[in-house]
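> Only the shape, not the letters, is given here:
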């Protein structure tokens, strides 16, 4: 596969390899903030439109009256080198957009689940999602201003995390801090290599 | 109901009011792309000889071709044109069918990149 990616195209342009990393967590956990802190370009937004059509029809005639919803997904880019780029995608925060997660998660390297200790339960659905699909993830405990520091072990117990899932404190506004979260994810992915891929 | 006909300046036409043109109008009502795929991080590249000024192309098609003179992922095209990903996929399907762009999907069969790539990512991140 890689040989295809790195082949020169007819025009002599190299096509980089893009790795996808998802930034998940409950509403207000700091997903957009983390993407902004890490992205080398202003964070971009891409949108998907939800309508009654599109699921099993080929046009939208007749559904003009149906309400449509636009879901915005934040994304950012980190260029590693000419051949390698990392794309960060913030996942839509509401449960009814799960189906968009499937698209985002397809082929993803892994995920960062941001946890807000004031509302720890908000990140349970994200953790469940990645556990069920065997997608490697780390949990970043976003230390908000004024929130007291938490003992990581008690957070781990509260989240019922597997012992091998990295749990790190972070400040989503801080690039260096966010960078360390991503590094812990990539190292976690590397450790999982060679082990059987869990059944989805 | 409005009591006055809409004029050129409307205070209610702001970002919160949403798009003025229904998004799939640009695709002639089509919500399905002619081709499958177009992952968010699939790279689109216009052919070297493709002229974005081709009169058979819509303005949105032309902008896509223009942007794709360097490899650019689907998600960035959607952000640049400020259009939904679904709309972009339909437009790209048109361009693909006419042979105006090539699409390079990410390798789906290899969920985990090899160690060299992961090492490069870690050292690249450390250098940030």
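Cool, the structure landed. As the structure is a computational prediction, the values presented were derived from the model and not from experiment.
> what number of residues lie near residue A:72?
Neighbours of residue A:72 under the rule other CB atoms under 10 Å in any protein chain shown: 12. C-beta: built from backbone N, CA, C; applies to glycine.
> is it true that it touches residue A:49?
No: assessed by CB atoms under 8 Å, residue A:72 is found out of contact with residue A:49, at 10.6 Å.
> For the most centrally placed residue in chain A, give the beta-bridge partners.
Centroid-nearest residue in chain A: residue A:22, 1.2 Å away (criterion: CA atoms, centre = their mean). Beta bridges link residue A:22 to residue A:89, residue A:111 when assigned by DSSP bridges.
> Distance of residue B:24 relative to chain A?
Distance, residue B:24 to chain A, by CB to the nearest CB, to the nearest Å: 6 Å.
> contacting residues for that residue?
Going by CB atoms under 8 Å, 6 or more residues apart in numbering or on different chains, residue B:24 touches A:49, A:60, B:30, B:31, B:86, B:87, B:90.
> Give the buried residues for the host helix or strand of the fifth one.
Spelled out, that is residue B:86. Taking DSSP states H and E as the criterion, residue B:86 maps to helix B:85-97. Neighbour-count burial for helix B:85-97, with 16 or more other CB atoms under 10 Å in any protein chain shown as criterion, is recorded at B:85, B:86, B:87, B:88, B:89, B:90, B:91, B:92, B:93, B:94, B:95, B:96.
> What of stretch B:30-41?
For stretch B:30-41, burial by neighbour count (16+ other CB under 10 Å) applies to B:30, B:31, B:32, B:33, B:38, B:39, B:40, B:41.
> swap in stretch B:118-128?
By neighbour count on 16+ other CB under 10 Å, the buried set for stretch B:118-128 is B:118, B:120, B:121, B:122, B:124, B:125.
> hang on, the earlier thing: now do the helix holding residue B:86: which elements does it pack against?
Helices and strands touching helix B:85-97, by 3 or more CB pairs under 8 Å, 6 or more residues apart in numbering or on different chains; DSSP states H and E, are strand A:44-50, helix B:59-67, helix B:74-81, strand B:101-104.
> could you give the angle of the longest one to helix B:74-81?
Comparing the axes of helix B:59-67 and helix B:74-81 via axes from the mean of the first three to the mean of the last three CA atoms, to 10 degrees yields an angle of 120 degrees.
> Can you spell out which helices and strands pack onto helix B:59-67?
Packing partners of helix B:59-67 (3+ CB pairs under 8 Å, 6+ apart): strand B:43-46, helix B:74-81, helix B:85-97.
> neighbouring contacts of the first one?
Outside strand B:43-46, the residues within contact range by CB under 8 Å, 6+ apart are A:9, A:11, A:13, A:15-16, A:18, B:52, B:64-66, B:68-74, B:77, B:92, B:95, B:100-104.
> again, 6 Å this time
With CB atoms under 6 Å, 6 or more residues apart in numbering or on different chains as the test, strand B:43-46 has contacts from A:15, B:65, B:68, B:69, B:71, B:72, B:73, B:101, B:102, B:103, B:104.
> Could you find the closest non-adjacent residue to the first one?
What that stands for is residue A:15. residue B:104 (4.6 Å; CB to CB, 6 or more residues apart in numbering or on different chains).
> Tell me where the longest strand sits in chain A.
strand A:69-81 (DSSP state E).
> what's that strand packed up against?
If you count contacts as 3 or more CB pairs under 6 Å, 6 or more residues apart in numbering or on different chains; DSSP states H and E, strand A:69-81 packs onto helix A:31-38, strand A:44-50, strand A:84-90, helix B:115-126.
> And for the third one, what's in contact with it?
Right, strand A:84-90. Outside strand A:84-90, the residues that touch it by CB under 6 Å, 6+ apart are A:16-23, A:31-32, A:35, A:73-79, A:104, B:41, B:120.
> Report the distance from the helix or strand just after that strand to the chain centre.
Per DSSP H and E, strand A:84-90 leads on to helix A:98-105 as the next helix or strand towards the C-terminus. Helix A:98-105 sits 10 Å away from the centroid of its parent chain (CA atoms, centre = their mean, to the nearest Å).
> Mean confidence (pLDDT) on helix A:98-105, please.
For helix A:98-105, mean pLDDT is 81.
> that older thread, hmm, which of the contacts of strand B:43-46 are the buried ones?
With burial judged by 16+ other CB under 10 Å, the buried subset of the contacts of strand B:43-46 is A:15, B:65, B:68, B:71, B:72, B:73, B:101, B:102, B:103, B:104.
> farthest-separated two in these?
The most widely separated members of the buried ones among the contacts of strand B:43-46, counting by CB to CB, are A:15 and B:65 (16.9 Å).
> What count of nearby residues applies to the closest residue to residue A:124 other than its chain neighbours?
Closest residue in space to residue A:124, ignoring its immediate chain neighbours: residue A:159 at 7.5 Å, by CB to CB, 6+ apart. For residue A:159, the neighbour count with other CB under 10 Å is 19.
> mind checking how far residue A:159 is from chain B?
Relative to chain B, residue A:159 is positioned 24 Å away (CB to the nearest CB).
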